[in-house]
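Visitor: Have a look; sequence and predicted model below, questions after that.
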Amino acid sequence: MLITIKQPRSEKEFEDYYELRWRILRDPWQQPKGSEKDELENESFHVMACDENNNVAGVGRLHFNNETEAQIRYMAVSPEHIEQGIGTSMLEALEEKSRLEHCKTIVLDARKNAVVFYQKKGYELLGKSHLLFGSIQHYRMLKFIL
């Protein structure tokens, strides 16, 4: 299966991007549509992974906390595309954007099931961060980039 990593550009691409983000990260916890977005969407860098039929297989977002620190949020890969390198490819694209913007560090808050993935990619586990929806523990992670 051929997967392409790209930025969503059209209204339809953004609709599909947010649909997957909601379906994976919000719907299982009965969160309403719209809860998958926040106030930083318009100033963020978005990537999506699409298959050869332009179906969205994964999504991720990067925003800048300040001039030297970027933050990755809303990373999600559809269940049928897990273990195909999609998360790695999207993460590499987000990290490259951070480097191009001269960031020194990237932070993220990973769900427990994603901590090992990020550790394998060079992220250091700093400790527990927040509890989402009263049940999803997140862990603050950090990576120094060159």
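Guide: Everything's here; your move.
Visitor: Point out the other helices and strands that the lowest-mean-pLDDT helix or strand in the chain packs with.
Guide: Counting by mean pLDDT, DSSP states H and E, the weakest-scoring helix or strand in the chain turns out to be strand 124-132, with a mean of 92. The contact analysis (3 or more Cβ pairs under 8 Å, 6 or more residues apart in numbering; DSSP states H and E) places strand 124-132 against strand 136-144. Any C-beta I mention is one placed from the backbone N, CA and C, and that applies to glycine too.
Visitor: who does the strand it packs on touch, helix- and strand-wise?
Guide: Contact analysis of strand 136-144 by 3+ Cβ pairs under 8 Å, 6+ apart lists strand 105-111, helix 115-120, strand 124-132 as its packing neighbours.
Visitor: try it again with 7 Å
Guide: Secondary-structure packing of strand 136-144 (3 or more Cβ pairs under 7 Å, 6 or more residues apart in numbering; DSSP states H and E): strand 105-111, strand 124-132.
Visitor: Measure how that strand sits relative to strand 105-111, angle-wise.
Guide: Taking axes from the mean of the first three to the mean of the last three Cα atoms, to 10 degrees, strand 136-144 and strand 105-111 form an angle of 160 degrees between their directions.
Visitor: related to what we said a few turns ago, could you tell me the angle between the least confident helix or strand of the chain and strand 105-111?
Guide: Going by the same axes, to 10 degrees, strand 124-132 makes 50 degrees with strand 105-111.
Visitor: What strands flank strand 124-132, and is each parallel or antiparallel?
Guide: If you go by DSSP bridges, strand 124-132 pairs up with strand 136-144 (antiparallel).
Visitor: Show me what the partner strand is in contact with.
Guide: 104-112, 115, 118, 122-132 (Cβ atoms under 7 Å, 6 or more residues apart in numbering).
Visitor: low-scoring pLDDT stretches of this protein, where are they?
Guide: For the chain, the stretches flagged by pLDDT under 70 are 1.
Visitor: any idea whether the residue sitting nearest the centre point of it is helix, strand or coil?
Guide: When Cα atoms, centre = their mean is applied to the chain, the residue found nearest the centroid is residue 75 (2.2 Å). At residue 75 the chain is in strand, as set by DSSP: H, G, I helix; E, B strand; the rest coil.
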